[in-house]
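**Q** below are the sequence and a predicted model; questions follow.
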Amino acid sequence: MKWNAASDDWHCPQAENDLRVGGAFSSTMAARDGSFSFDFGVYTAVELLKRIAYTLEDGRNVEVLFIPDGNGTTVKQTFDPEKENPEEMQRGGWQAILDRFKAYAEAQN
């Protein structure tokens, strides 16, 4: 809830997580002005410290790989784009969320 948004005009007012294959998760991402919100999906793969995959509510698939990289970890995320918005815009939004996660995680140390 503290980092899951692409920009400051979005927020995550609610989140639940059951991190196991078949487990559901919900991270409501909502526009702060109340104009739009969406939730997420169900895990299809969970490999500790290696890989998480899930299917979104609309059937699109996402995969997140955790790759050891020296003293840290590289996170590589791939996703099936939706049809309403340009893929480049979607890629930018996903990257912005990852950047916010990185900043949040680094601030916890």
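**A** Cool, the structure landed. Every value quoted in this text rests on a predicted model; they were computed, and no experiment measured them. Numbering: from 1, shown residues only.
**Q** name the helix or strand of this protein that has the lowest mean pLDDT.
**A** strand 37-38 (a mean of 67; mean pLDDT, DSSP states H and E).
**Q** list the buried ones in the helix or strand just after it?
**A** Scanning forward in sequence from strand 37-38 by DSSP states H and E, the next helix or strand is strand 41-47. In terms of neighbour count (16 or more other CB atoms under 10 Å), strand 41-47 has its buried residues at Gly41, Tyr43. For every residue, glycine as well, the C-beta is placed using N, CA and C.
**Q** any idea how far strand 41-47 is from the chain center?
**A** Relative to its chain's centre, strand 41-47 lies at 12 Å (CA atoms, centre = their mean, to the nearest Å).
**Q** quick one: the strands in this protein?
**A** Shown for the chain, the strands assigned by DSSP state E span residues 10-17, 25-31, 37-38, 41-47, 51-56, 61-69, 72-79.
**Q** out of these, nearest to Gln108?
**A** Taking CB to CB, strand 72-79 is the member of the strands of the chain nearest to Gln108, at 14.0 Å.
**Q** and the contacts of the closest one?
**A** Contacting residues not belonging to strand 72-79 are listed as 60-68, 90, 94, 98, 101 [CB atoms under 8 Å, 6 or more residues apart in numbering].
**Q** tell me the strands beside that strand, with direction?
**A** Sheet pairing for strand 72-79, assigned by DSSP bridges, gives strand 61-69 (antiparallel).
**Q** check which residues of the partner strand are buried.
**A** Within strand 61-69, the residues that qualify as buried are Val62, Val64, counting by 16+ other CB under 10 Å.
**Q** all set, thanks.
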